[in-house]
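Asker: A predicted structure for the sequence below; I have some questions about it.
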Amino acid sequence: MAQYRRAGAAVAVIRLHNAPVNALSSAVVQALAQGVKKADLDPSVKAVVICGANGKFSAGADIRTFSSLQPRDRPALAETVSLIERSQKPVVAAIEGVALGGGLEVALGCHYRIAHAQARVGFPEVLLGILPAAEGTQRLPRLIGIPAALDLITTGRHVLAAEALKLGIIDEIVKENTVERAIELASKVSGQPLGPRKISLKPVPDLPDMEAILSEALVKVKRKARGRLSPEMCIQAIKAAVQLPFAEGVEKERELFRFLLGSGQAKAQQYAFFAERAVEKWTMPSGTSWKTASAQPIRKAAVIGLGTMGRGIVTSLVKAKMLVVALEQDQKQLDIGREAVTSLLQWEASKMQQSGQSQDICDPARLQFTLDFGALRDVDLVIEAVFEDMALKKEIFRKLSTICKPEAFLCTNTSALDIDEIAAVTSHPHQVIGTHFFSPAHVMKLLEVIRGHHTSPTTIATAMSLAKTLNKVGVLVGNCFGFVGNRMMAPYVEQAIFLLEEGCKPEEVDQAVEGFGFHMGPFRMLDLAGLDVGWRSRKGQGLTGPKLAPGTPARQRESRRYSPLPDFLCEQGRYGQKAGKGWYLYEKPGGRTANPDPWLYNFLSEYRETHGIKARFVDQEEILERCLYALINEGFQILADRIASAPEDIDVIYIYGYGWPTHRGGPMFHASTVGLPHVLSRLQKYSEAHPDIPKLQPSPFLKKLVALGSPPLREWVSHVRQPSSKL
Ligand SMILES: CC/C=C\C/C=C/C(=O)SCCNC(=O)CCNC(=O)[C@H](O)C(C)(C)COP(=O)(O)OP(=O)(O)OC[C@H]1O[C@@H](n2cnc3c(N)ncnc32)[C@H](O)[C@@H]1OP(=O)(O)O
């Protein structure tokens, strides 16, 4: 838990030990405190070094134990940090790997801090719905001043050693032998006065406009937080550091921590933290899993199509230091794509420079632009990113199947199309897989990885490992129309549009959803994505356009309710932001400010009149419930169909791909929080009111879970019916 040893005659070294990240469990904290006391009592020890095993200082408090923390208790970690600072002998932190959260708080209790050049420090607690509660909100402002402390504590961002040195968090950077150098420093400073090294005794550096800085910070975090409490509480704690003596500031910090810990938000954010890690450990319905499948190395990759998606994918691959071949169909498109990728890479390089990272990502030698399919002969993996046209995709995969080396992995970037149909045209269907990137692909963290019927475990492992290499979260899902993300999105968008028919305005629906915490409501999202995308898909499905049977009622498709509203908008060229008009009006084509549009109000009134719909007032509760519960209901069906192997998969997809607010933990977590019987009863009510909307009819799996007494979320999949044996 914490090893105590002597280094040379006069230095004691305490090494934190709790694989894999030296989380500060109560046993580790206790052992650390014992080590510090032992060193203090031993007259032959003149100085102490604290370090971590396996090249990591510590990733902070053990998050798994938070649910059992008694909010009334003074955190033992805070006691220990204070004990370290009170030590009569100099204590030096030797930081390798990470010092995060409680790990950094331990380091701030030390009198000196040395870090390896690759080490990262930070206070990510805000991302877990809490705040640094081992006196971190009181020490950091004293050490680095209010503006920098506000930035680090309210964003949770990690900083590299170089930036930490600049900020004054650490005293020295070393390229190797961090612990040895710390031992040297400890020996050198032993006997020197410790008072000036105790951060708690320092005043917070004063600034003339302190009040204004704090108020501005509050306005900024409130605007960004979308209902998340922890950033605001972090500011209150930092304010206490400015206004109160250290001990009273610590009391305030504790009070705010207790409040946050007891809030549902902390639970949701911590669930999301572990869900993100759980999805890496994928399992197929056959039982094959990450444990047995091994990924193949990818050194050289190709991207076909340099539209918005392709450009982002190329940028991601180049950033991950791969060799990349970028292919287009004609010179003009290739030149446009090359220019766009170059400017994306320059932008990325400048961002990396600002954060002190090396920026050698733009090395042109690693990136080849071509019109020639022959250049794909030696690539390890191809990502096809042309637009959503099955015939085109099949033509490309047929070609790839003959040109690429037999062991190459063939990925299709699609948001809905059938992976098996694409794989069927190749000679190696087991090496074909869906990789659904989200736009912009070099920014968005989600990668939906879709296994086809024949996709091999090695192909899956390779695609999941690619996600990690690209610094994305890969989630493995099954093959069905829309997979997980878009399949659940469809009933949500459908409800939003039905609500317009019934009397809402787009901004009313968006406000309700944004008030819940989404970054964007459904109509702003549709305008951003482009209304023509859905229109093309509906035409493809024969729901509208030339394939629609003559005489089909305008608002009905196969006895189900259908709204032609988005089709009408597209017929008018209202494709959304890019056209300057869609569900909203924009200042110009490509403009970003969504303004309510009187034309649309008239259009909606006329539409209702034509179809004999009497507009009614719909309250916020109904708007939210119909949109969100329709989406959640589909999530239960997806679990029952084994398209997602666990609720965590769905939640991670929604948090990282669709802007579901993290402090609500994802749709399935949200359902478990509001209670499955509640979700069921609301769906029953709405489906009775709208019997022609099948997506409001409660999923049989949801009903089953309620009948079973609503077991906790982690038990849900054990109640999914196993496919019947073929024997
Ligand atoms: C009592 C309260 C008093 C004071 C307040 C202090 C609060 C805190 O300190 S809260 C914790 C703050 N720290 C963090 O938020 C860091 C969280 N961890 C990470 O960001 C990353 O894990 C990492 C950067 C440290 C390492 O990343 P990577 O190498 O990609 O590994 P993984 O993320 O897959 O993690 C490996 C493994 O470790 C588990 N884990 C990581 N951190 C913690 C932790 N703080 N507590 C418990 N467990 C942790 C993680 O879940 C992985 O395990 P599983 O694969 O089994 O899930």
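Answerer: Cool, the structure landed.

Asker: mind listing what's buried in stretch 418-438?
Answerer: Buried residues in stretch 418-438, counted by 16 or more other C-beta atoms under 10 Å: 418-420, 422-423, 425-426, 428-438. No exception for glycine: its C-beta is placed from N, CA and C like everyone else's.

Asker: also stretch 370-388?
Answerer: 373, 375-376, 379-386.

Asker: which of these fall in strands?
Answerer: Among these, the members found in strands (DSSP state E) are 381-384.

Asker: for those, which one is nearest the ligand?
Answerer: Closest approach to the ligand among those (C-beta to the nearest ligand atom): residue 381, at 22.3 Å.

Asker: dump the residue contacts of the closest one.
Answerer: Neighbour list for residue 381: 298, 300-302, 408-411, 462, 466 [criterion: C-beta atoms under 8 Å, 6 or more residues apart in numbering].

Asker: isn't residue 375 right next to residue 369, touching?
Answerer: No. Counting by C-beta atoms under 8 Å, residue 369 is not a contact partner of residue 375; they are 9.4 Å apart.

Asker: where do the contact lists of the two overlap?
Answerer: Taking C-beta under 8 Å, 6+ apart as the criterion, residue 375 and residue 369 both touch residue 327.

Asker: next one, pLDDT for whichever residue of the stretch 251-400 of the chain sits closest to the ligand please.
Answerer: When scored by C-beta to the nearest ligand atom, the stretch 251-400 of the chain has residue 277 as its residue closest to the ligand, at 3.7 Å. As predicted, residue 277 sits at a pLDDT of 97.

Asker: sticking with it, tell me its helix or strand.
Answerer: Following DSSP states H and E, the helix or strand that holds residue 277 is helix 264-278.

Asker: with residue 114 instead?
Answerer: Here residue 114, judged by DSSP H and E, is contained in strand 112-116.

Asker: what's the closest residue to residue 95 other than its chain neighbours in contact with, if anything?
Answerer: Nearest residue to residue 95, sequence neighbours excluded (C-beta to C-beta, 6 or more residues apart in numbering): residue 115, at 4.0 Å. Taking C-beta under 8 Å, 6+ apart, we find residue 115 in contact with 95-96, 99, 121, 161, 164-165, 170, 172-174, 178.

Asker: any idea what residue 115 is bridged to?
Answerer: Using DSSP bridges, the beta-bridge partners of residue 115 come out as residue 95, residue 173.

Asker: count residues in the vicinity of residue 516, would you?
Answerer: Counted with other C-beta atoms under 10 Å, residues neighbouring residue 516 total 19.

Asker: which residues are in contact with it?
Answerer: Applying C-beta under 8 Å, 6+ apart to residue 516 gives the contacts 227, 624, 628, 661, 664.

Asker: distance of the residue nearest to residue 95 relative to residue 534?
Answerer: Counting by C-beta to C-beta, to the nearest Å, the separation of residue 115 from residue 534 is 50 Å.

Asker: picking up where we left off before, widest-spaced pair of the contacts of residue 516?
Answerer: Among the contacts of residue 516, the pair separated by the greatest distance (C-beta to C-beta) is 227 and 628, at 14.4 Å.

Asker: what distance do you get for the closest residue to residue 534 other than its chain neighbours to residue 279?
Answerer: Spatial nearest neighbour of residue 534, chain neighbours left out: residue 566 (6.2 Å); criterion: C-beta to C-beta, 6+ apart. According to C-beta to C-beta, residue 566 stands 32 Å off from residue 279.

Asker: more neighbours: which of the two?
Answerer: Higher neighbour count among residue 566 and residue 279: residue 279, with 26 against 21, using other C-beta under 10 Å.
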